[in-house]
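K.L.:
3D model of this:
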Amino acid sequence: MRILTIVDLPWDTQLGAARIFMELSRAWAAAGHDVSHYCLGDVFPAATSSPPASAWRRLRFPAKAAAFVRNNATRFDVIDCIVGALPVAKKRLNFAGLLVARSIGSHRLYRDAAVARERVVFRGPIFDVAVLEEEFRAARIFAYPSLAMRGETFGLAPLEAMTHGCAVLVSDLGCFRDFILPNETGFVFEGGAPNPADSLVVAFRDALSDPVRLERIARAGQLKSEEFSRARVADKFLIDFEKLISDAERTNR
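P.N.:
Okay, here's the model as predicted:
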């Protein structure tokens, strides 16, 4: 297959969303597929450290990406893009192949923690992959207390922590159930409780109360995460792409 990935970010491993697409692209290429990418750097090659300039570039990117697709629509069978990078209908793009839009997630750093004072240390964003892996390995538990019933799509962050042998604590949102089984591959708190913060505290205390169980669950989580490795996920995407293209071809006959 001929696959085009589109991200409204620089093609840089230090940017989490871009890194996901880069790793998938490498896996697809290794499987023998023709993979290309179109990113912010293709439109604006010169780097900028100005927040206003960066925001303006991302606002301009979708129109540039749409123009690129229109001019190259017949070159690709699949276009896989991050949500928002190509907000245009297929018909307007003159693209007859498979168009996929996925959400990788947003990451924000909350710096205001006056109540916690020195009890909480904000490390800031970590862009070095090796350093991030060391943080996961050194941590006793990785808490991802999302309550976004309509915002979470999969839960990539806790899965990444599990990959590096870190026990995880999440809410009981349905998006985590594919890989986190309470007290077996991870810890879960009740997000729908009257006071979810209290539920989180109880789950934290329970998780940390038994170091032997904590280590066992961390190991089980790491094994479970192997089912969602980049290579396996990339293969599953390819199977889906091929099936959808085949179904479309049968429908159009």
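
K.L.:
Show me the domain layout of this protein.
P.N.:
The record's domain parsing of the chain by automatic domain parsing lists 2-104, 117-228.

K.L.:
how about TSV for the ones you listed, with mean pLDDT, mean neighbour count and distance to residue 248 added?
P.N.:
Placement of C-beta: from N, CA and C, glycine included. Below are the domains of the chain laid out as TSV (pLDDT from 0 to 100; neighbours: other Cβ atoms under 10 Å; distance: least, Cβ to Cβ, whole Å):
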stretch	mean pLDDT	mean neighbour count	distance to residue 248
domain 2-104	87	17	7
domain 117-228	86	16	24
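
K.L.:
I'd like the ones you listed as JSON lines, with distance to residue 247 appended.
P.N.:
Shown next, in JSON lines, are the domains of the chain (distance: least, Cβ to Cβ, whole Å):
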{"stretch": "domain 2-104", "distance to residue 247": "10"}
{"stretch": "domain 117-228", "distance to residue 247": "23"}
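
K.L.:
for the stretch 101-250 of the chain, what spans make up the strands?
P.N.:
With DSSP state E, counting those that start in this stretch, the ranges of strands along the stretch 101-250 of the chain come out as 141-144, 167-171, 187-189.

K.L.:
circling back to that earlier point, of all the domains of the chain, which lies closest to residue 242?
P.N.:
Between residue 242 and these, the shortest gap by Cβ to Cβ is with domain 2-104, which sits at 9.3 Å.

K.L.:
starting at the chain centroid, how far to the closest one?
P.N.:
Centroid separation for domain 2-104 versus its chain: 15 Å, with Cα atoms, centre = their mean, to the nearest Å.

K.L.:
Could you number the chain from 532 rather than 1 from now on?
P.N.:
That works, and once the first residue is 532, the last one we named lands at domain 533-635.

K.L.:
Mind putting the strands of the stretch 632-781 of the chain into JSON lines with distance to residue 743?
P.N.:
Output for the strands of the stretch 632-781 of the chain, formatted as JSON lines (distance: least, Cβ to Cβ, whole Å):
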{"stretch": "strand 672-675", "distance to residue 743": "14"}
{"stretch": "strand 698-702", "distance to residue 743": "12"}
{"stretch": "strand 718-720", "distance to residue 743": "15"}
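
K.L.:
Tell me who's in contact with residue 534.
P.N.:
556, 559, 564, 565, 566, 567, 607, 608, 609, 610, 611, 772 (Cβ atoms under 8 Å, 6 or more residues apart in numbering).

K.L.:
Go ahead and confirm the third one touches residue 532.
P.N.:
Yes. Taking Cβ atoms under 8 Å as the definition, residue 564 is a contact partner of residue 532 at 5.0 Å.

K.L.:
list the residues that contact both of these two?
P.N.:
Common neighbours of residue 564 and residue 532 are listed as residue 769 (criterion: Cβ under 8 Å, 6+ apart).

K.L.:
rewinding a little: from the contacts of residue 534, which land in strands?
P.N.:
565, 566, 567, 609, 610, 611 (DSSP state E).

K.L.:
what about the helices in this protein?
P.N.:
Secondary structure of the chain (DSSP state H): helices at 547-561, 571-574, 582-603, 621-624, 660-669, 687-694, 727-739, 742-756, 761-783.

K.L.:
between those helices, which gets nearest to residue 675?
P.N.:
Evaluated over the helices of the chain, closeness to residue 675 peaks at helix 687-694, with 4.6 Å, by Cβ to Cβ.

K.L.:
Can you get me the centre-to-centre distance for the closest one and its chain?
P.N.:
Centroid separation for helix 687-694 versus its chain: 10 Å, with Cα atoms, centre = their mean.

K.L.:
what does that helix contact?
P.N.:
With Cβ under 8 Å, 6+ apart, helix 687-694 has contacts from 551, 635-636, 667, 670, 673, 675, 699, 701, 707, 710-711, 716-717, 749, 752-753, 755-757, 759-760.

K.L.:
How about the contacts made by the closest residue to residue 773 other than its chain neighbours?
P.N.:
Spatially, and ignoring its direct neighbours in sequence, residue 773 is nearest to residue 532 (7.1 Å; Cβ to Cβ, 6 or more residues apart in numbering). The contact partners of residue 532, taken as Cβ under 8 Å, 6+ apart, are 559, 564, 565, 608, 609, 769, 772, 773, 776.
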